[in-house]
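**Student:** No sequence on hand, only this structure:
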């Protein structure tokens, strides 16, 4: 059994989110939360909320024990890109790409060996 949480259309580049997701993949939920709280990256704020949501989903919807949860999967996909113009010299313009992200965290309960 697994609990999922999604965050779509977050206004942050997927490349920046991927760096932080690599830190928490495979870790216990409590350890992952501690890592996110002490990581000085912009993506950490989004991922803290997402991890809390996934933990709440696991507890409320599936009756899982929060102490036994771990991050089994976490990934980010690019969302739609907002195109903006930046004025440049001689009346021309450059295109600014404001990227968005779709983030997913999947939690599973550890099996007793």
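**Tutor:** Received the coordinates, thanks. Only a predicted model underlies this, so the values are computations on that prediction, with no experimental measurement involved.
**Student:** Following element in sequence after the strand or helix carrying residue 36, please.
**Tutor:** With elements delineated by DSSP states H and E, residue 36 resides in helix 29-37, which encompasses its position. Following helix 29-37 in sequence order, the next helix or strand is helix 43-62 (DSSP H and E).
**Student:** other SSEs contacting the helix holding residue 36?
**Tutor:** Applying 3 or more C-beta pairs under 8 Å, 6 or more residues apart in numbering; DSSP states H and E, one finds that helix 29-37 makes contact with helix 14-24, helix 43-62, strand 69-78. C-betas here are computed from N, CA, C, even on glycine.
**Student:** Show residues contacting the shortest one.
**Tutor:** This means strand 69-78. With C-beta atoms under 8 Å, 6 or more residues apart in numbering as the contact definition, strand 69-78 has outside contacts at 2-3, 14, 17-18, 21, 24-29, 32, 51, 55, 58, 99-110.
**Student:** in its sheet, what does the helix or strand that that strand is followed by sit against?
**Tutor:** Heading C-terminal from strand 69-78, the first helix or strand you meet, by DSSP H and E, is strand 82-87. For strand 82-87, the paired strands and their directions (DSSP bridges) read strand 93-98 (antiparallel).
**Student:** would JSON lines of the helices and strands packed on helix 29-37 with distance to residue 90 and mean neighbour count be doable?
**Tutor:** Shown next, in JSON lines, are those (distance: least, C-beta to C-beta, whole Å; neighbours: other C-beta atoms under 10 Å):
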{"stretch": "helix 14-24", "distance to residue 90": "32", "mean neighbour count": "17"}
{"stretch": "helix 43-62", "distance to residue 90": "37", "mean neighbour count": "18"}
{"stretch": "strand 69-78", "distance to residue 90": "33", "mean neighbour count": "18"}
